[in-house]
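> have a look; sequence and predicted model below, questions after that.
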Amino acid sequence: MDTTQKAVKRQASFCNAITFSNRPIVIYEQVRLKITKKQCCWSGALRLGFTAKDPSRINPETLPKYACPDLVSQSGFWAKALPEEFANEGNIIAFWVDKKGRVFYRVNDSAAMLFFSGVRTTEPLWALIDVYGLTRGVQLLGYELMKQDCLKGGKYSQSEKGNL
C-alpha cells in the first residue's frame, strides 16, 4: 500500500494481497477502484466483496493467500472474482451491496450487474479487495452513496474521497 493509503500493488506472485476499507461501508455506497496495473502470465482477476469482521481486529499473519475460496469459506466474509475480461488497466470498477444483501458491480459506468448475493447486512460491513491474478495494482477513487433508484439509471446523491 502506498503512503496515501489509496493505492495497493501486489509485490510478488499472484496472491497474498488481501486488503480492506479503513471504515465500514454503508448500504448502497459504491466502492470505486481503478485498475492501475495488469500483469500477464497469470489467470484469475481481482476479487471483490465485503466482510463483517472488523479488519483492525484481524491479524494480517492469519489471512489466507486467497479471498476465494479460502477467506469466503469463513463466516462473515463474502467475495467473488471479477471476470477476467474486465481486469484491464484503466478500467474503473464500482461495487456495492443493497439492503437485501445483493452485491452489484459496474465497469466504466456501464449498467449495474448482479455479482452475488447472501451478504448479511444487519451488521457493519467493510469492503474486501483481493489484488489477485492478472490484477497487480488498484487505486481507490473514493466512495459514492447512491440513491436507491440507481439500478434504474438514477444518479448518485453524494461522493466522498476515501482511503482503503
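Received, thanks.
> identify the residue nearest the spatially most central residue of the chain in space, chain neighbours excluded?
The structure's the chain has its C-alpha centroid closest to Leu48; by CA atoms, centre = their mean the separation is 3.6 Å. Leaving aside its sequence neighbours, Leu48 sits nearest to Phe95 (CB to CB, 6 or more residues apart in numbering; 5.0 Å). In short, each C-beta sits where N, CA and C put it, glycine included.
> check contacts around the one you found.
Gln30, Val31, Leu48, Val103, Phe104, Tyr105, Arg106, Phe115, Ala127 (CB atoms under 8 Å, 6 or more residues apart in numbering).
> on that earlier part again, tell me the mean pLDDT over the one helix or strand the residue nearest to the centre of the chain maps to?
Element membership for Leu48, per DSSP states H and E: strand 47-51. The average pLDDT within strand 47-51 is 98.
> which outside residues touch that strand?
20, 25, 31, 66-68, 72, 76-82, 93, 95, 97, 103, 105, 115-116, 119, 125-130, 132.
> from these, which land in strands?
Using DSSP state E, the subset of these located in strands is 20, 31, 77-81, 93, 95, 97, 103, 105, 115-116, 126-130.
> any quick ChimeraX command for the buried ones out of the residues you listed?
This is the ChimeraX syntax for the buried subset of the ones in strands among the contacts of strand 47-51, where burial follows 16 or more other CB atoms under 10 Å:
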select :20,31,77,78,79,80,81,93,95,97,103,105,115,116,126,127,128,129,130
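> that older thread, state the distance from the residue nearest to the centre of the chain to Val138.
Noted for Leu48: a distance of 10 Å to Val138, by CB to CB, to the nearest Å.
> shared neighbours of those two, which are they?
Ile129.
> shaky segments in this protein?
1-6, 147-164 (pLDDT under 70).
> hmm, 80 instead?
The model of the chain has pLDDT under 80 over residues 1-12, 16, 146-164.
> circling back to that earlier point, just the contacts of Phe95 now: which is nearest Val8?
For the contacts of Phe95, the minimum distance to Val8 (CB to CB) is 11.9 Å, reached by Ala127.
> give the contact list for the closest one.
Here Ala127 is in contact with Phe20, Ser21, Ile25, Val31, Leu48, Gly49, Phe50, Phe95 (criterion: CB under 8 Å, 6+ apart).
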